[in-house]
Structures are given as C-alpha cells and as structure tokens.
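Undergrad: I need the structure of the sequence given here:
(2 chains)
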2 protein chains.
Amino acid sequence: MLTLFHHPLSVPSRFIRLILEEFGIATHLIEEYEWARRPEFLALNPAGDLPVLLDEREVPLSGATVIYEYLDEIYGSLRREKRFFPENPLERSEVRRLNCWFLNKLDSEATRYIVRERIHKREMPIDIGGGAPNSQILRTARANIPPHMNYLNWLCVSRDWLAGSRLSYADLAAAASISVLDFLGEIDWEKFPAVREWYTRIKSRPSFRSLLADRVRGITPSSHYTDLDF
Amino acid sequence: MLTLFHHPLSVPSRFIRLILEEFGIATHLIEEYEWARRPEFLALNPAGDLPVLLDEREVPLSGATVIYEYLDEIYGSLRREKRFFPENPLERSEVRRLNCWFLNKLDSEATRYIVRERIHKREMPIDIGGGAPNSQILRTARANIPPHMNYLNWLCVSRDWLAGSRLSYADLAAAASISVLDFLGEIDWEKFPAVREWYTRIKSRPSFRSLLADRVRGITPSSHYTDLDF
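TA: Numbers count the residues shown, from 1 in each chain, chains lettered A, B, ... in the order given. Below you'll find the predicted structure:
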C-alpha cells in the first residue's frame, strides 16, 4: 500500500489525493505539519515540504510535480482515453503549464499565506512564528485572489475543461487550489459564474468526497463547502 | 527554428539553454526583462516569467518545467543512452526532484533575490522598485546559500553525477543555478571542494560555452567565471 504524508489544507497534497482517488489507489494518509520540521519527515524529504508519497517499497517521492508525473507514468498511462494527459506533447505542455500555475503561482501568491496566517499560526509555537494572523500579509494575499479567479473564469468560458475538451490534471490542480480557498470562505462566487459551474462539476466527482470530509481543528468550513449544488 | 525568450542571469532560462545546446538545436535567443511586463511578452505567457520557448510553428511553451519535459519528449527520448532521463520511473523521479530543488527552491530562497537586488534594480524605473540594493534582502538571500551548497556537496560526494551514475537534467539544472551565483561571485569555492570538482566537469562541456560568454551591462563577472580550471 502507498503512504501519503499530507495536510488537509495543503494544495499540492490535495492535488495528489485527488489523483490517487481517481485512480482508485488505496493510500494510507498521514497528516504532517511542514512547520514542525520533524526530523523523520526531513529524512524522507530534505526540502521539508508536502506532499511526500512512499511507494510500495517505501521509497519516498517528494513534491507534487514529481509525484504526479510518476503516478501518470505508472498508473495513468494505462487508462487510455481516461488518461489525464492528452496524447499530443504540445497539449500535454498546456496541462503542465496550468498545473504549475495553480500549484505554484496561485499558491505562492495567495493560498499558502492565507493558510499559514489563518490556520498554521494558531498551532505553531510563538518562537517559530506562531500567534495572531498578520493582517497586512492577509490583505496582500487576498488582493491576489481576484486576478487568478478572472484567469480561471476565462479558461472556464473558453474551454470545456481547463486545458481543452477533456478533464486533465490541470482541472485537478486548479480544483485542489480552489477547494482550499473555498474551505476558508475566501471566494466571492457571485463574481465568477463560469468557475462556479466548472467547480460544481468537478466537486461532484467521487474522488472529491474525502476532501469534502476534511476538517481542521478549530475552524468551520464555509457553509457551502460540502454543498454539491451551491 | 525555435525561439527562446530568456535573460542571461535567469536560472531557468540557463537550464533550457543548456539543454538546447546539448541537443544541438539552433535557437534564436531574445533577451527579455520580466520586470518590464511587456504586453507582447505577457500575451505569450500570462504568468510573465522566463523562459518562454516558441516551437517551429511559434506556439509558446512557458516555464522551465514545461519546456524541459517537452524537449525531452520530442528530442531527448531519441538520444537513447545519452538521454538525460534514466529509464526507470523512480530514478526519473529523483531527477525531477532535484530539478525542482535547484530551479525552484534554491532560486526562490537565494538566487533570484540576489539577481534582482544586484542587477535588475539598477535598470528598473524607481516607481516599480528600481534603485539601490536592499541590504537586508541581500543578507537574507546570501545566508541561504551555504545550506544549499552543503546539500549539493553531499550529492557530489555520494554520487558520480547529481542524480546517480549518469549525467542528467539534474546536473544541468544545478549547474544553471551555480553558474549564476558564480557569475556574481557569491560562492566561496574553498569550502565546497566536491562541488568545485563536479562544476569543473560540467562547465567544460561545449554546451556551457555560450553561458560563459554572457555579459550583463555594468557588471564584470567574477574573475574565475570563465576559467575552466579554476
């Protein structure tokens, strides 16, 4: 059995969980706090970030990009027309571009700071940065959300799925990002109807169930988080 | 002919230039400044970062990860035993992990800040952040270099090449990073003899020549930058 070190509100962790669910791969989940810098975890991944997947022989694979390319090579390529990568290399590049966008750019401009300020800092010891949220960081991160939502809305208006006519890894990466922001009530859904329609479709997939069941100590997800027809 | 939008001191741009040189692919190079946010460039890559490759039909491919996976699929896979990816998926994952490390982690913890403070801010208009380097940012970025060099030294001591027994994309990614820091005289070579030996080997490859010829207005590269036996 595979093992995944993850956190419920880590975007790259959610992306890999969605892929594992879509592929029907039973996985043992272990919750990990990056900020704790646990020596046993750093021994698996010296970069110290989530997610980390242990394969059947407990070889660690670190980072969402590494893990999804590996899962695609081992499992995804057997799925034929249900594969989440298109056959054409240029179209695959578009999927990879959007994966980078949602896993790295949106995350490093907004999501991870909001999660850190609102969630992690409440559990972190004071001497490593715990405490009350920094309102200036929150304000800056929140201001970065609408441009990303506009871009996502444009993609949703222009294409059936984000990277083209078929569901791809790009949809799972974007949905992982959006689901964290939605959990925290950070999305103004009225303004982005096309994203809402796309997100309703993807949120209704069985692979999403375990994400919708996630709970984090001391925080109630936004009222529509688990609502499939919000 | 392919076209690459790059900057001489952009680590991900150098990584792609090394691959193109190794593959013997003639490429038209266009120097671009990310900070200028040129509308024509943003139309190619809305993320606004370097590098961007235009394929023969001028379709843009954005970002080093997207571009190297594409180049490997189109050209690299034909190189057989000279390919820069191992055959085994787990070994390929190790190459991808190290690529992420050197292209993203080292870059976002040190290199890109040093380049911005020391190089770009001299050319940027004041109203978008140009001016004298911020010494606190420089100090923080510089303090992040030795841990990365220690890790790289450990890899060089443990393995023939960074990801195993053969030259791989990981060596090109790390060399792209190190070459920018070395250009700026930011590496204390006395402390990292194994890195120095590895870097001498990779710097002597013909693919490195064009990087060693790079010059940036108003700055002299460190005295040993072009010295193959430093």
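
Undergrad: residues in contact with residue A:51?
TA: Residues in contact with residue A:51, defined by CB atoms under 8 Å, 6 or more residues apart in numbering or on different chains, are A:4, A:5, A:6, A:10, A:12, A:13, A:16, A:63, A:64, A:67. Yep, even glycine has a C-beta here, placed from its N, CA and C like the rest.

Undergrad: residue A:7: what's it in contact with?
TA: Counted by CB under 8 Å, 6+ apart, residue A:7 has contacts A:13, A:31, A:32, A:33, A:34, A:50.

Undergrad: gap between the last one and residue A:11?
TA: From residue A:50 over to residue A:11 the distance is 9 Å, taken as CB to CB, to the nearest Å.

Undergrad: between those two, which has more neighbouring residues?
TA: Neighbours were counted for residue A:50 and for residue A:11 using other CB atoms under 10 Å in any protein chain shown; residue A:11 has more, 27 against 24.

Undergrad: tell me how far that one lies from chain B.
TA: 15 Å (CB to the nearest CB, to the nearest Å).

Undergrad: one more: residue A:177?
TA: Distance of residue A:177 to chain B, computed by CB to the nearest CB: 15 Å.

Undergrad: that residue reaches residue A:106, doesn't it?
TA: Yes - if you go by CB atoms under 8 Å, residue A:177 and residue A:106 touch, sitting 5.2 Å apart.

Undergrad: shared neighbours of the two, anything?
TA: Common neighbours of residue A:177 and residue A:106, using CB under 8 Å, 6+ apart, are residue A:11.

Undergrad: which positions in chain A make contact with chain B?
TA: Contacts of chain A with chain B, taken as CB under 8 Å from any CB of the partner chain, map to A:46-47, A:55, A:59, A:61-63, A:65-67, A:69-70, A:73-74, A:89-90, A:92-93, A:96-97, A:100-101, A:104-105, A:108, A:151.

Undergrad: list the contacts of the spatially closest residue to residue A:51 that is not a sequence neighbour.
TA: Using CB to CB, 6 or more residues apart in numbering or on different chains and skipping residues adjacent in sequence, the residue nearest residue A:51 is residue A:13, 4.2 Å away. Applying CB under 8 Å, 6+ apart, we find residue A:13 in contact with A:4, A:6, A:7, A:50, A:51, A:64.

Undergrad: mind doing that once more with 10 Å?
TA: Applying CB atoms under 10 Å, 6 or more residues apart in numbering or on different chains to residue A:13 gives the contacts A:4-7, A:29, A:31-32, A:49-53, A:64, A:67, A:176, A:180, A:211.

Undergrad: now the buried members of these.
TA: Buried residues within those, defined by neighbour count using 16 or more other CB atoms under 10 Å in any protein chain shown: A:4-7, A:29, A:32, A:49-53, A:64, A:67, A:176, A:180, A:211.

Undergrad: the nearest residue to residue A:38 once chain neighbours are set aside: what's it in contact with?
TA: Using CB to CB, 6+ apart and skipping the chain neighbours, the partner closest in space to residue A:38 is residue A:32 (7.2 Å). Neighbouring residues of residue A:32 by CB under 10 Å, 6+ apart: A:4-7, A:10, A:13, A:38, A:40-41, A:44-45, A:48-52.

Undergrad: go again with 7 Å.
TA: Counting by CB atoms under 7 Å, 6 or more residues apart in numbering or on different chains, residue A:32 makes contact with A:5, A:6, A:7, A:41, A:50.
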